[in-house]
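Engineer: Okay, sequence plus prediction incoming.
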Amino acid sequence: MTLQFTIDGDTPDVARGAVVAIGNFDGVHRGHQQLLEAAREQARQRGSGWGMMTLEPHPRDLFRPDEPVFRLTPLPMKTRLLSGLGGDFVSVLPFSRDMAALEAEEFVRLFLVERMAVSHVVTGYDFHFGHGRKGNPQLMRELGEKYGFGVTIIEQVTDDDGVAPFSSSSIRAHLRHGHVQRAAHELGYWWMIEGEVVQGDRRGREIGFPTANIRLPKGCEPREGIYAMRVRPADDRPVEDLPPMPHPSGWRGAGYVGTRPTFDTHERFLEVYLPDFSGNLYGRHLLVDFISFIRPDEKFCSVDELISRMNTDVAEIVRQLKAMENNDPMTAFPLGRLQAEGRL
């Protein structure tokens, strides 16, 4: 079980003297995973714990709160993914204006040396830290020599053809355009959202498609439209009261992201209809995998026309998900394999 703690308090034993990978890690994509694997290997050699250090909140949330960033993996999701990779802890730096004003060496001395007594630090080639982003990988090496910890710098990690680097920005762009397979290829797993099922307006139930409604995090902006999705419980609550899943990866889901233009709601939703499900999900926390984009959102002339199109969409989504249950391309990657097995 990966431990999450805030670094302004006591440091847990597993994190003291540990190997620490430092960065934002939004998406925990395949490039990040190489950095984390380097940390894991350093910890194996030392017989120590290992984990990630990251900032919360995102700096833009502090300095530009009216322009929320599209977070691929909010903190709870980062912790879940690091757990899948075998990490021991996530150390959270509480970002503030005071922290932003710290000089680079002061940042290292205070958090890495005094608070955690790190044995080794792993960062990316483009990592910057401290006031004015003056700290860089070379300075980190110099400070490691001064304070007695090792440093590994991971160079840019590129795609299979050696050209395109893995990038959180490009993954966000893929998702904004509905290119979920491209996003998944960079992530090494299907992009997913975790959230609590909340009460909706029951409009789906009225037209024969009851949905689980999940609030989208602020700034979350995948392309609006219809998706093939997989859905499974996100917590350890007993599932005896729920119908069995047809596959360990989850229930098959016909998902919708949008504002329901046919009903002029002007409010953005994530809704998922589960054809194989019958039961009450209110209050449950679910994981929702985005598998494929089916079509853009659109306004229908009548509810009957909407229902007809939904029947067509659901049939196509079920066909796609059934075909993928024993041929999931993401099983080529560690996190994608865990996801397909329902263990992420």
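Structural biologist: Perfect, I can see it now. Keep in mind the model is a prediction, meaning the values are calculated, not measured.
Engineer: Can I get the helix or strand hosting residue 21 in CSV, CA atoms only?
Structural biologist: In the assignment (DSSP states H and E), residue 21 maps to strand 19-22. The C-alpha coordinates for strand 19-22 follow below in CSV (Å, rounded to 0.1, in the frame of the first residue of the first chain):
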residue,chain,number,x,y,z
VAL,A,19,15.2,7.2,-3.0
VAL,A,20,13.0,10.1,-4.2
ALA,A,21,11.9,10.8,-7.8
ILE,A,22,11.0,14.5,-8.0
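Engineer: tell me what that strand is packed against?
Structural biologist: helix 30-46, strand 50-56, strand 120-124 (3 or more C-beta pairs under 8 Å, 6 or more residues apart in numbering; DSSP states H and E). Quick note: C-beta positions are derived from backbone N, CA and C, even for glycine.
Engineer: looking at the ones you listed, which is closest to residue 328?
Structural biologist: For residue 328, the closest of the helices and strands packed on strand 19-22 is helix 30-46, at 16.4 Å, according to C-beta to C-beta.
Engineer: Please point out which parts of that closest one sit buried.
Structural biologist: 30, 31, 32, 33, 35, 36, 37, 38, 39, 40, 42, 43 (16 or more other C-beta atoms under 10 Å).
Engineer: Just want the phi and psi numbers for the closest residue to residue 28 other than its chain neighbours.
Structural biologist: Nearest non-adjacent residue to residue 28, counting by C-beta to C-beta, 6 or more residues apart in numbering: residue 81, 4.3 Å away. In terms of degrees, to the nearest 10, the main-chain angles of residue 81 are phi -70, psi -40.
Engineer: quick one: contacts for residue 81?
Structural biologist: 28, 73, 189, 335, 344 (C-beta atoms under 8 Å, 6 or more residues apart in numbering).
Engineer: follow-up on the earlier one: format the helices and strands packed on strand 19-22 as CSV; extra columns: distance to residue 340 and mean pLDDT.
Structural biologist: Converted to CSV, those look like this (distance: least, C-beta to C-beta, whole Å; pLDDT from 0 to 100):
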stretch, distance to residue 340, mean pLDDT
helix 30-46, 16, 97
strand 50-56, 24, 96
strand 120-124, 28, 97
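Engineer: Tabulate those (TSV), appending distance to residue 170.
Structural biologist: Shown next, in TSV, are the helices and strands packed on strand 19-22 (distance: least, C-beta to C-beta, whole Å):
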stretch	distance to residue 170
helix 30-46	11
strand 50-56	20
strand 120-124	16
